[in-house]
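> Fold the following.
(chains A and B)
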2 protein chains.
Amino acid sequence: TAARFDTRPDATLAVTRGTLRLMRDMGLGCITEMPLNNGRRVDIIGFDKKGVATIVEVKSSLEDFTADSKWEEYLPYCDRFFFAVPMDFPVEVLPGSVGLILADAYGAAVERPAAEGTMNGSRRKALTLKFARLAAERLLRLAETV
Amino acid sequence: TAARFDTRPDATLAVTRGTLRLMRDMGLGCITEMPLNNGRRVDIIGFDKKGVATIVEVKSSLEDFTADSKWEEYLPYCDRFFFAVPMDFPVEVLPGSVGLILADAYGAAVERPAAEGTMNGSRRKALTLKFARLAAERLLRLAETV
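Residues are numbered from 1 along each chain as shown, chains lettered A, B, ... in the order given. Have a look, this model is predicted:
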């Protein structure tokens, strides 16, 4: 059961699910809704085997995108940044400088790759640790072993 | 449901569960059964907020302890090492140089603290990343969102 998503709109849930499938298939370990130190909360963040961090911001509609003017605050917290949107999203409004993923509930595709930035080393370390502890905490809670 | 533990002996399950409760209460994010690069698999590994790594090896009985002569191979992969055993375990056979946790299925207590070692920096980085990706992968699988 997808309890974490139950309160989110269907379109957001669908795009998130399809994007998670894509990212998992690309070898990234991913979690959703991770808070950052700057007060923002990322929709999806994943790490590949080398420790490269990808953040994906899910936008279910044009309205959802225009309501958020602060997406650039995510950039210092990752090496690669993508927007993930549904197939019918007017993608021409999205900034061309970052990556783009088109998704539905069953899968997703990288429409435009993300340029790889260079994250600050101590921030990468802190982010990896925060991700690790949050994923472990949620796993234990969900497994109900404790 | 504790599917991960279903095939393990009851005593091991009980000590693991009580120890996980203790570690969570101490602020550590923990997972079970993480493979290391040296071919060993740790019973419990947890990270605190500062990134200090604790490994706990669960020994359900004297027989379980004497069957394993290679526990020292865990030491380079953590800052603190503990054995966790049930209340009726003959603790005098355990090495006094490492930490000791006494546990039952409902809780646990640190009987002897673990001296804090200094893990190699690049190993810490690799271990944190491996933990992060493994926890995330298990969480997604368990949540069945993908």
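> In chain A, spot the helix with the most residues.
helix A:121-143 (DSSP state H).
> Can that helix be said to contact chain B?
Yes - if you take CB under 8 Å from any CB of the partner chain as the test, helix A:121-143 does meet chain B, through A:125, A:128-129, A:131-140, A:142-143. C-betas here are computed from N, CA, C, even on glycine.
> Identify the residues contacting stretch A:64-72?
Residues from elsewhere that reach stretch A:64-72 (CB atoms under 8 Å, 6 or more residues apart in numbering or on different chains): A:12, A:40, A:57, A:59, A:83, A:85, A:89, A:93-94.
> Same question for stretch A:98-108.
A:13-15, A:17-19, A:21-22, A:56, A:75, A:80-87, A:89, A:91, A:94, A:109-115.
> What residues of that stretch count as buried?
Using 16 or more other CB atoms under 10 Å in any protein chain shown as the test for burial, stretch A:98-108 gives A:98-104, A:108.
> coming back round to it: who does the longest helix of chain A touch, helix- and strand-wise?
strand A:29-35, strand A:41-47, strand A:53-58, helix B:10-25, strand B:29-35, strand B:41-47, helix B:121-143 (3 or more CB pairs under 8 Å, 6 or more residues apart in numbering or on different chains; DSSP states H and E).
> Quick one: closest of these to residue A:121.
For the helices and strands packed on helix A:121-143, the distance to residue A:121 is smallest for helix B:121-143, at 9.9 Å, taking CB to CB.
> What residue, apart from its backbone neighbours, is nearest residue A:139 spatially?
Leaving aside its chain neighbours, residue A:139 sits nearest to residue B:139 (4.6 Å; criterion: CB to CB, 6 or more residues apart in numbering or on different chains).
> Test for you: state the pLDDT assigned to the one you found.
With respect to pLDDT, residue B:139 scores 94.
> same thing with residue A:8?
The predicted local confidence for residue A:8 is 53.
> Equivalent analysis for residue A:115, please.
89.
> Name the SS class of it, please.
coil (DSSP: H, G, I helix; E, B strand; the rest coil).
> got the contact list for it?
Residue A:115 makes contact with A:80, A:97-99 under the criterion CB under 8 Å, 6+ apart.
> ok, back up a step: out of the buried residues of stretch A:98-108, what pair is the most spread apart?
It's A:98 and A:104 that sit farthest apart of the buried residues of stretch A:98-108, by CB to CB, at 20.7 Å.
> returning to that earlier point: most surrounded residue in the contacts of stretch A:64-72?
When neighbours are counted by other CB atoms under 10 Å in any protein chain shown, residue A:85 leads those with 28 neighbours.
> a helix runs through that residue, doesn't it?
No - Residue A:85 is assigned strand when assessed by three-state DSSP, not a helix.
> Contact partners for the residue nearest to it when sequence neighbours are not counted?
Closest residue to residue A:85 apart from its sequence neighbours, by CB to CB, 6+ apart: residue A:59 at 5.1 Å. For residue A:59, the contact set (CB under 8 Å, 6+ apart) comprises A:15, A:65, A:68, A:83-85, A:89, A:94.
> SS state for residue A:109?
Per three-state DSSP, residue A:109 ends up strand.
> what about it, neighbour count?
Residue A:109: 13 neighbours (other CB under 10 Å).
> who touches residue A:51 in this structure?
Taking CB under 8 Å, 6+ apart as the contact definition, residue A:51 lies against A:124, A:128, B:125, B:129.
> Beta-bridge partners for the residue nearest the centre of chain A, please?
Nearest to the geometric centre of chain A sits residue A:44, at 2.2 Å (CA atoms, centre = their mean). Per DSSP bridges, the residues bridged to residue A:44 are residue A:32, residue A:56.
> ok, back up a step: if any of the contacts of stretch A:98-108 are buried, give me the PyMOL selection for them.
Selection of buried members from those for PyMOL, criterion 16+ other CB under 10 Å:
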select buried, chain A and resi 13+14+15+17+18+19+21+22+56+80+81+82+83+84+85+86+89+94+110+111+112+114
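> Thank you kindly, that will do.
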